[in-house]
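*Asks:* need a structure here:
(6 chains)
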Protein chains: 6
Amino acid sequence: MQLGFVSAILPEQSLEDVFRLAAEIGYDCVELMCWPPGKAERRYAGVTHIDVTDLAGPQVQRFQELARSYGVTISALSYYPNMLVADRAEGQRYIDHFRQVIDAAALLGVNRANSFIGRDPKKSVEDNWPRFREVWGPLLQHAEARGVQVGIENCPMLFTDDEWPGGKNLATSPAIWERMFTDFPTASFGLNYDPSHMVWQGMDYLSPLRDFSDRLVHVHAKDVRVDQHLLDRHGSMAPPNLWHTPKLPGLGQVDWGQFFSVLSSVGYSGPVCVEVEDRAYEGSLEDRTRSLRQSYRYLRQFM
Amino acid sequence: MQLGFVSAILPEQSLEDVFRLAAEIGYDCVELMCWPPGKAERRYAGVTHIDVTDLAGPQVQRFQELARSYGVTISALSYYPNMLVADRAEGQRYIDHFRQVIDAAALLGVNRANSFIGRDPKKSVEDNWPRFREVWGPLLQHAEARGVQVGIENCPMLFTDDEWPGGKNLATSPAIWERMFTDFPTASFGLNYDPSHMVWQGMDYLSPLRDFSDRLVHVHAKDVRVDQHLLDRHGSMAPPNLWHTPKLPGLGQVDWGQFFSVLSSVGYSGPVCVEVEDRAYEGSLEDRTRSLRQSYRYLRQFM
Amino acid sequence: MQLGFVSAILPEQSLEDVFRLAAEIGYDCVELMCWPPGKAERRYAGVTHIDVTDLAGPQVQRFQELARSYGVTISALSYYPNMLVADRAEGQRYIDHFRQVIDAAALLGVNRANSFIGRDPKKSVEDNWPRFREVWGPLLQHAEARGVQVGIENCPMLFTDDEWPGGKNLATSPAIWERMFTDFPTASFGLNYDPSHMVWQGMDYLSPLRDFSDRLVHVHAKDVRVDQHLLDRHGSMAPPNLWHTPKLPGLGQVDWGQFFSVLSSVGYSGPVCVEVEDRAYEGSLEDRTRSLRQSYRYLRQFM
Amino acid sequence: MQLGFVSAILPEQSLEDVFRLAAEIGYDCVELMCWPPGKAERRYAGVTHIDVTDLAGPQVQRFQELARSYGVTISALSYYPNMLVADRAEGQRYIDHFRQVIDAAALLGVNRANSFIGRDPKKSVEDNWPRFREVWGPLLQHAEARGVQVGIENCPMLFTDDEWPGGKNLATSPAIWERMFTDFPTASFGLNYDPSHMVWQGMDYLSPLRDFSDRLVHVHAKDVRVDQHLLDRHGSMAPPNLWHTPKLPGLGQVDWGQFFSVLSSVGYSGPVCVEVEDRAYEGSLEDRTRSLRQSYRYLRQFM
Amino acid sequence: MQLGFVSAILPEQSLEDVFRLAAEIGYDCVELMCWPPGKAERRYAGVTHIDVTDLAGPQVQRFQELARSYGVTISALSYYPNMLVADRAEGQRYIDHFRQVIDAAALLGVNRANSFIGRDPKKSVEDNWPRFREVWGPLLQHAEARGVQVGIENCPMLFTDDEWPGGKNLATSPAIWERMFTDFPTASFGLNYDPSHMVWQGMDYLSPLRDFSDRLVHVHAKDVRVDQHLLDRHGSMAPPNLWHTPKLPGLGQVDWGQFFSVLSSVGYSGPVCVEVEDRAYEGSLEDRTRSLRQSYRYLRQFM
Amino acid sequence: MQLGFVSAILPEQSLEDVFRLAAEIGYDCVELMCWPPGKAERRYAGVTHIDVTDLAGPQVQRFQELARSYGVTISALSYYPNMLVADRAEGQRYIDHFRQVIDAAALLGVNRANSFIGRDPKKSVEDNWPRFREVWGPLLQHAEARGVQVGIENCPMLFTDDEWPGGKNLATSPAIWERMFTDFPTASFGLNYDPSHMVWQGMDYLSPLRDFSDRLVHVHAKDVRVDQHLLDRHGSMAPPNLWHTPKLPGLGQVDWGQFFSVLSSVGYSGPVCVEVEDRAYEGSLEDRTRSLRQSYRYLRQFM
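*Replies:* Numbers count the residues shown, from 1 in each chain, chains lettered A, B, ... in the order given. Take a look at the predicted model:
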């Protein structure tokens, strides 16, 4: 396993800065954000550490040399839009860009591209399914042709009110993953597994490591604290931001010893990237850097 | 406290049959269903043990004598439609009928009328609120004028797919109850508290007994089993009928000893009515009768 | 084992009333209060169902016939004063009266007399010990000579402020019981074991059943609820009445199934008497009678 | 479901006495022991309430009438020897007798015959398997031909030293049941499921109710207490009688509310028979009768 | 947040030694003991790393330069006597010295002075209150005038027999803190919060971080192990040293991940100082130094 | 305490390599394997870092200098055969070799020699006992005469089928240890305590630290994960390799904070050696080296 971090937490840093910090702390790899250049649409989005729309040959070589020189690998290229958004034209722009992310992952020899399935949050899973099939069939063929594995993060994307009630990503549960992988069995289709989302949905986060071991493309190390006094007040039907808080690894309810116990036993040997979405560590670049150092120290005892 | 049951489980029985069975088993009271005569719209609905649209003086006297002769009291008159349904004309019919239920409760000297707040399930709590205020202000004035207490059940009414995502009843959490009672502080407005709905929403079901002790108009004794292996598969965002099962008291996850411990300590002295919605006991009238006997035996050890 | 109740909850009832109620509910026995006739000094004290100061031969025979006629036995004669109170003259009156209780137990063939050790609450255990030895040596010789077993209840007698900090009874823990039985090894000296007091002191209430099985003279069935939200506020050093509530069996934190599991396995075959000190059931004689019926139903499933 | 008891606890009582007691307490049925007449070989064995070796037509009619007259049904005929014992001649006698039990179950219209698979305790599961196949193939054909369901109890038969290490019954775990039912898929082959044996083996006792719901022929209600202080001393590899104690329902670690919750939800409608093996209730016939009354009261709150 | 340690564990070391060790290990700060020069009165007391009775201008500058040169800040000046001791003359000496500690904190620009409220252990909280008001009113005015925040540690000071029953510090619970801050609402009055004391009093140690977030002046990182086998023997009423053991962070029952999770989420940005009172690490200076290294490694994974 | 590792995980490395790696990572000591030169008989066996059959004077000096030069001590010399194997001639070879290990431990000034008691797995503990006494009496006299402490690991040696049912080591439980130390009370006889074996046997792993504190010769830091879904399937009677997995410290169910809490409180000051038997870290020398680094980081937070 390689320990890395998600570059979204360093939006103002250059690619070289990201590599340098990773190397200095001791991280093995980084998951690089590849949003189209431009303004962020939501928190943690809109970060562009590699501009996949402008990736001429020399660029590719430069990035690879940069990684090599710092001794840090790229775990994946990532772009997390809502490709199944109700507005189809908007969705198509996201799809087109993700194709370019896949191309870039192939060009750079990274061979992992992470994203969400997307979802029209106003519709049920069932009602979203035809569009899922329509969008993802061609995308996965594209990835397969280029030898790239797509890692779908299991984040329900349900934090702010405008994401209510269904969130912006279908891939939230084992039942849905099974259906996804039944419809598209290609080995290019897998998970970017984040245990924290299982926790606040009341689910076992260890058994999927066993049940979907051959679908683990990438892993996110994020933690979460469910505040019981707030859940008592609002209930699980209320938007999660009323009762849960994303935290750094070790500051939440994931038992990371057990997590890495099972992860190592199922033979996972890929990247594990810290995803910082802890508001208590986002006040300044220094705070965010600190969060990466602390997460590194915490996780290194288990891997 | 008086131990009773909700008459909805005996739709084919006459009012006298209901009283007779209650008396035979030992129940102190019954909560009588007062749907408008006609076909049921959903499971457990559409039952009419008292037709409040036809309650001439002699009827009132007859019902009171019937109750007296069997030594069984009426804990409440009940009608659980969705008064805030999107179709306002439909909603108005429900509202008008509930006014009659309130009138009947006053006439019969029962003085408790149970219902739901209702909700447009496609809208957020916030977006439902103006309509809540519009509908319930006059209704509560009506109840107050007649000395009737309205007991709102805290059931999210989220079981079948067509109720997704918000369910058909706003009154699901302490945060919302506080808002309800702040907007309408009248003592005629209270809860028909059912602990089972707190369980599957991941909430403490004991602290509301203390925090809302002066709002406890009526209590339902229903239990629930959350099947963890199904929750692990679907997650709390999926419709609850995928991972939870209503059960008879004692066959679920409510700790009834603790429940009655706190309920007795806060001084509650009203009715506690068994609400049977356990599919394993609904195959025949005999099964349903058995469910009432079993629930009686179970609860009598705590009250 | 015989199921009974402590007669202190029926202060206004005559001995015959007590027997009659016991028989009617189904109880096998009663523990009879034998305070000196006069005004109660504290809640649950001052009850006189048998006046041991006036127990001529005919009385003895009458009481025995009464018991026989109702099919109810007397589990013990009881008197719970503070014999080690700082005021020695006052203490002596208590001691003298308890001697008479012992005599009466022998005369009636009951052979069990329950009490407290007593304690000067302002002094440490160590500082109370000399007085304990001084008082109890002669008392136990007296009991032994008459074939009476003394059952010391393990109640710390620490509920109201004036009992702070040490309470009015030394016999609160296994460490102290061991010391008691080491100093006075006579088989006439034992426990009237009440698991509820172990619960609020944070102690295992099952292992003493094994460790002191040969010292179990009598058992009290009382339950207790520790309200965590109140303990969080005040802490275990604050007087227990700020954070705990005595309750009927089944309405607290004693696991009675486990309790009777171990009690039966260690071969205990004596009386188990319900002690009602649940304020929620003390409003009226009817409430108190109800508490005895409910406790009976609850406990009969385990014995 | 029907509530009954296993007749082995009343070895000295006649069949009619057994029926009479069942009826008096309120039991719906009894599981009748059908050991060959003669001396018992081990505790709870050797009881003969119906002698299947002498079951002429009139006998059958007499037994059926007896059952009818007391309003008590026979849940199963039972005989629990070790048919796979190392001594083949001895094993054959057991096999031959169990054939007669099956015949009797058919004749009496009971259609359930309970037993163990048996096991040579000195051999591994694997090494016992050929003999299992050899013995049970013909037996199950015999049962199938007569319309009788064989209910195999999941008791490891590992209590006394001479049963170490493997116990005398192969059918101890879901893994083994699967193998049994794969080898012999006939619907005549099922389980007489006892949750207590799962408890002391550290296993979930609820999921088999779902996973083997179509194999539930009969259910035993026995409970068990694992004494942690003894397990801490000896460990799970030591013979279980060093650290566990069979107990009456409600006096052990089975959560019967959850047990009946799942049992009712999977649609089980057969017998549930109390099996008394609690030494604390075996001192006298009166004690054993008391154990049946107490178990009845305890279980009736859940069924 | 800054990670530091309490200097009391290094009584024989000079101030410079303390700074040097802190710097070498990596600590950000130290809490300096400021007892009057002289012999210690109790374990962990009597340590003087800064003599506030002799703090001429050059001294102040020297101390500040020392701190700067080692890159270590002073988190607070501390002095933990019993200012409410029964002997008023003795108490006055403590009060006078604490005034000097406050003055020194202002002079040095530290602006935090830690102490206890004090208590006459023989009196109830109520009976101590008048003296609390009398002593602390002027002290807090003094602190407020100098811009110094007083951090009261929530240690009950109840470990040795002579502290029984009430301990030597009133500030033991949220209920008492509320009363303190109601009587003296000045922002100069706050807590030096130590979660370990909540643990052995059976209290939630996380909710006070939220409820008193604006009163958190300083934090102590000490851990505690409650030995259940000893608590079972003595009960919570017995002096805590019979059943609890202070330990280094990570070797007790505080869940430090959860602690720092909530502490970071409420926005605390002040010092967290390791307080070593673990007898297993006090044998030699080397052991004590080791305890500071180990605690550093342990806590750095969470902050 | 000294932190070390068991050298068996580095079979292909020379003694100097082992010392060098220990020093590089930071370990204080190593437990050296002393199997007779030749082919391994089972996994983790057959490793020879010191050949005790060829330990001339110069060798001793060389080894001591090697240790000194790397600043690493030898915690113990170890050899873990089955000295009580059914084949007595084979057993004698083991016994003879262990005598040489003891001699070597004395010569090298290590003074600790670790092993198993051994066991004929087909026989009960009772039936193994005479041979235990016969073999170990002389062995312990030999050790005592040389001032060497024998540390018996509490591993049941029950992982593969051929070890069923009793395993190859008698010393599995406190009950057996007591018997061992009663038969041979010499201070040269003690435990090489490994908490992980207590975990999968369902036992408390903390209380033996207190109860056998004077018998703790050496400690192993190995962890274990019991997979509940596998235990549910097979039960505790099935061979442990069907449901448990040895893991690195921190990746299992041992609570190491509590373990070192009690270990430090009982005054243990000897070696604690990481024993790597985690298949997920055994793929290559690099993996195994990584396992030692990770275990070091993990454990250093507690010691």
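*Asks:* now stretch A:73-91, how far from the chain's geometric center?
*Replies:* Stretch A:73-91 sits 11 Å away from the centroid of its parent chain (C-alpha atoms, centre = their mean, to the nearest Å).
*Asks:* ignore what I typed, I meant stretch A:44-53.
*Replies:* That offset, for stretch A:44-53, works out to 14 Å (C-alpha atoms, centre = their mean).
*Asks:* then stretch A:25-36?
*Replies:* With C-alpha atoms, centre = their mean, you get 11 Å for stretch A:25-36.
*Asks:* with stretch A:171-180 instead?
*Replies:* Relative to its chain's centre, stretch A:171-180 lies at 16 Å (C-alpha atoms, centre = their mean).
*Asks:* that stretch and chain B in contact?
*Replies:* Yes. Using C-beta under 8 Å from any C-beta of the partner chain, stretch A:171-180 reaches chain B at A:T172, A:S173, A:P174, A:A175. For glycine as for every other residue, the C-beta is placed from the backbone atoms N, C-alpha and C.
*Asks:* A:S78 contacts A:E31, doesn't it?
*Replies:* Yes. Taking C-beta atoms under 8 Å as the definition, A:S78 is a contact partner of A:E31 at 5.4 Å.
*Asks:* ends of stretch A:187-197, how far apart?
*Replies:* 24 Å (C-alpha to C-alpha, to the nearest Å).
*Asks:* tell me how many other residues crowd A:L242.
*Replies:* 16 (other C-beta atoms under 10 Å in any protein chain shown).
*Asks:* what sits in contact with each of A:S78 and A:E31?
*Replies:* Common neighbours of A:S78 and A:E31, counting by C-beta atoms under 8 Å, 6 or more residues apart in numbering or on different chains, are A:V6, A:N114.
*Asks:* ok so, going back, D:R62: which of the residues of stretch A:171-180 next to chain B is nearest?
*Replies:* Using C-beta to C-beta, A:A175 comes nearest to D:R62 of those, at 56.6 Å.
*Asks:* put the alpha carbons of the helix or strand containing the closest one into PDB.
*Replies:* For A:A175, the host element (DSSP states H and E) is helix A:174-183. What follows is helix A:174-183, C-alpha atoms only, in PDB (Å, rounded to 0.1, in the frame of the first residue of the first chain):
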ATOM      1  CA  PRO A 174     -23.200  -2.400  -1.600                       C
ATOM      2  CA  ALA A 175     -26.700  -3.100  -3.000                       C
ATOM      3  CA  ILE A 176     -26.100  -0.400  -5.700                       C
ATOM      4  CA  TRP A 177     -22.500  -1.400  -6.300                       C
ATOM      5  CA  GLU A 178     -23.600  -4.900  -7.100                       C
ATOM      6  CA  ARG A 179     -26.100  -3.600  -9.600                       C
ATOM      7  CA  MET A 180     -23.400  -1.300 -11.100                       C
ATOM      8  CA  PHE A 181     -21.000  -4.100 -11.500                       C
ATOM      9  CA  THR A 182     -23.600  -6.500 -12.800                       C
ATOM     10  CA  ASP A 183     -24.600  -4.000 -15.500                       C
END
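*Asks:* quick check: which ranges of chain A have low pLDDT?
*Replies:* For chain A, residues meeting the criterion pLDDT under 70 lie at A:39-42.
*Asks:* and if we set it to 80?
*Replies:* A:38-45, A:160 (pLDDT under 80).
*Asks:* all helices for it, in order.
*Replies:* Taking DSSP state H as the test, the helices found in chain A are A:15-25, A:57-70, A:88-107, A:125-145, A:174-183, A:195-200, A:207-211, A:228-234, A:256-265, A:285-300.
*Asks:* what residue in chain A comes nearest to chain C?
*Replies:* Nearest residue of chain A to chain C: A:H229, at 10.2 Å (C-beta to the nearest C-beta).
*Asks:* distance of that residue from E:D204?
*Replies:* Distance, A:H229 to E:D204, by C-beta to C-beta, to the nearest Å: 10 Å.
*Asks:* likewise A:L55?
*Replies:* From A:L55 to E:D204 the distance is 54 Å (C-beta to C-beta).
*Asks:* ok, A:F116 next?
*Replies:* Plainly put, A:F116 is 37 Å away from E:D204 if you go by C-beta to C-beta.
*Asks:* put the alpha carbons of stretch A:260-278 into PDB.
*Replies:* Taking Å, rounded to 0.1, in the frame of the first residue of the first chain, the C-alpha atoms of stretch A:260-278 are listed here in PDB:
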ATOM      1  CA  PHE A 260      -6.100  -1.700   7.800                       C
ATOM      2  CA  SER A 261      -6.300  -5.200   9.400                       C
ATOM      3  CA  VAL A 262      -8.900  -6.300   6.900                       C
ATOM      4  CA  LEU A 263      -7.500  -4.200   4.000                       C
ATOM      5  CA  SER A 264      -4.100  -5.900   4.400                       C
ATOM      6  CA  SER A 265      -5.600  -9.400   4.800                       C
ATOM      7  CA  VAL A 266      -7.600  -9.100   1.600                       C
ATOM      8  CA  GLY A 267      -4.400  -8.300  -0.200                       C
ATOM      9  CA  TYR A 268      -5.000  -4.700  -1.200                       C
ATOM     10  CA  SER A 269      -1.700  -3.200  -2.400                       C
ATOM     11  CA  GLY A 270      -2.900   0.100  -3.900                       C
ATOM     12  CA  PRO A 271      -3.000   3.700  -2.700                       C
ATOM     13  CA  VAL A 272      -4.600   5.000   0.400                       C
ATOM     14  CA  CYS A 273      -5.100   8.800   0.200                       C
ATOM     15  CA  VAL A 274      -5.900  11.100   3.100                       C
ATOM     16  CA  GLU A 275      -8.900  13.300   2.100                       C
ATOM     17  CA  VAL A 276      -9.000  16.400   4.300                       C
ATOM     18  CA  GLU A 277     -12.500  17.900   4.700                       C
ATOM     19  CA  ASP A 278     -12.200  18.800   8.400                       C
END
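*Asks:* tell me how many other residues crowd the closest residue to A:D211 other than its chain neighbours.
*Replies:* Spatial nearest neighbour of A:D211, excluding adjacent residues (C-beta to C-beta, 6 or more residues apart in numbering or on different chains): A:P174 at 6.6 Å. A:P174 is flanked by 19 other residues according to other C-beta under 10 Å.
*Asks:* show me what contacts A:P174?
*Replies:* So A:P174 contacts A:P208, A:D211, A:F212, B:D232, B:R233 (C-beta under 8 Å, 6+ apart).
*Asks:* about what we covered before: buried ones in the helix holding A:A175, by neighbour count?
*Replies:* Within helix A:174-183, the residues scored as buried using 16 or more other C-beta atoms under 10 Å in any protein chain shown are A:P174, A:A175, A:I176, A:W177, A:R179, A:M180, A:F181.
*Asks:* ok, stretch A:149-162 next?
*Replies:* Residues of stretch A:149-162 classed as buried by neighbour count (16+ other C-beta under 10 Å): A:Q149, A:V150, A:G151, A:I152, A:E153, A:N154, A:C155, A:P156, A:M157, A:L158, A:F159.
*Asks:* and what of stretch A:63-71?
*Replies:* Under 16+ other C-beta under 10 Å, the buried positions of stretch A:63-71 are A:F63, A:Q64, A:L66, A:A67, A:Y70.
*Asks:* which among those residues gets closest to A:A104?
*Replies:* A:F63 (9.3 Å).
*Asks:* from A:R146, how far out is the closest one?
*Replies:* Remark: distance between A:F63 and A:R146 (C-beta to C-beta) = 17 Å.
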